[in-house]
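J.: Below: sequence and its predicted model.
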Amino acid sequence: MNLIRKGSSELITVGKSISITNKLLKEIENIEVLPNDNFRVAIPDANFQNYLIEEYNLEFADGTVAYGDIKGITKIDIGSSLKNWQNLIVSLEGVEYFTALTYLDCNQNELLSLNVSKNNDLSYLDCCWNQLTKLDISNNTALTYLNCWENQVTHLDVSENTRLTILYCEQNQLTSLDVFKNRDLIELNCSQNELTSLDLSKNTALTFLSSGANQLTSLDVSNNTDLTSLWCNYNQLTSIDLSKNPLLKKVRLEGNPGDWWKGLEKDEE
């Protein structure tokens, strides 16, 4: 009987230990608790590995690297224009463990997905010219620059990114874009999407706006008095009031119905 009771006690202890371990692993996965320096982070993409080896002299074992060796890295620049290797990067799996990252440029690769949900210090993100269908930046509240140009993103939520000053999201598949909370925006390029409306009433710091090749039937820029460049060509506008925009030097409106816009276009140096 004593042996049975002892066995049961040991099983209970083991069970509790497994439960605690699973909880800890889940917390590490969610970066609620940072892993220890010996924790092995998987980086399955060989070209991503090559970049990290060349740039930071990291040591890999079976496709993994120690968390302690990457936790202090603040910049990853793997845009294709700077590559000195042949193959493009297909996966950035593991980048979420670069918890000090502030700058990530991964433009012109072959990424199908990008997980930056744990890179809370990220302020600069350029992921243009990939094959992304979604982009979750809700946890990247430090972002000031975002370029996701020419992907296949159908929904982009920037409501948590209140520090954004530059937003380039042209050539995606957006049917709506809410920039109501992005009151520090200076430049916005949302051209070549499927937008039917665009509320800029709170974006009073805007100096550059490109919203061409959408399906806009109206556009109110009366609150955007600092605008110097406005591109709203190839939409469905039948009029636009620019009387509150005295600083405009460049205006593109061609491709809208009728010829009302011809007297409003500008191209000053």
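T.: Everything's here; your move.
J.: so where do the strands sit in the stretch 151-269 of the chain?
T.: Counting by DSSP state E, counting those that start in this stretch, one finds strands in the stretch 151-269 of the chain at the ranges 166-168, 187-189, 208-210, 229-231, 250-252, 266-267.
J.: so what secondary structure elements neighbour the last one?
T.: Taking 3 or more Cβ pairs under 8 Å, 6 or more residues apart in numbering; DSSP states H and E as contact, the helices and strands that strand 266-267 lies on are strand 250-252. The C-beta positions use only the backbone N, C-alpha and C, and glycine is treated the same way.
J.: Quickly run through the sheet partners of the strand it packs on, with directions.
T.: Strand 250-252 pairs in its sheet with strand 229-231 (parallel), strand 266-267 (antiparallel), by DSSP bridges.
J.: Comparing the ones you listed by mean pLDDT, which bottoms out?
T.: Of all the strands paired with strand 250-252, the minimum mean pLDDT falls on strand 266-267 (a mean of 94).
J.: Need the contact partners of that strand.
T.: 248, 249, 250, 251 (Cβ atoms under 8 Å, 6 or more residues apart in numbering).
J.: residues touching residue 218, list them.
T.: So residue 218 contacts 197, 237 (Cβ under 8 Å, 6+ apart).
J.: ditto for residue 98
T.: 70, 71, 73, 76, 119.
J.: could you redo the last one with a cut-off of 6 Å?
T.: 70, 73 (Cβ atoms under 6 Å, 6 or more residues apart in numbering).
J.: if I look at it, how far off is residue 234?
T.: Going from residue 98 to residue 234 by Cβ to Cβ, to the nearest Å gives 40 Å.
J.: cool, and residue 151?
T.: 20 Å.
J.: Look at these two and report which has more neighbours.
T.: residue 151 (22 against 19; other Cβ atoms under 10 Å).
J.: Can you get me a residue count around the nearest residue in space to that one that is not next to it in sequence?
T.: In this structure, residue 151 finds its nearest non-sequential neighbour in residue 132, 4.1 Å apart by Cβ to Cβ, 6 or more residues apart in numbering. Per other Cβ under 10 Å, the neighbour tally for residue 132 reads 18.
J.: okay but residue 190 is in contact with residue 178, surely?
T.: No - when contacts are counted by Cβ atoms under 6 Å, residue 190 is not listed as touching residue 178 (11.2 Å).
J.: Between these two, tell me which one has more neighbours.
T.: For residue 190 versus residue 178, neighbours defined as other Cβ under 10 Å are more numerous around residue 190 (24 against 12).
J.: Do a quick rundown of the helices in the stretch 51-200 of the chain.
T.: Taking DSSP state H, counting those that start in this stretch, the helices of the stretch 51-200 of the chain run over residues 67-70.
J.: about what we covered before: now the contacts of strand 266-267 in JSON lines, with pLDDT and distance to residue 144?
T.: Shown next, in JSON lines, are the contacts of strand 266-267 (pLDDT from 0 to 100; distance: Cβ to Cβ, whole Å):
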{"residue": "248", "pLDDT": "98", "distance to residue 144": "25"}
{"residue": "249", "pLDDT": "98", "distance to residue 144": "25"}
{"residue": "250", "pLDDT": "98", "distance to residue 144": "24"}
{"residue": "251", "pLDDT": "98", "distance to residue 144": "27"}
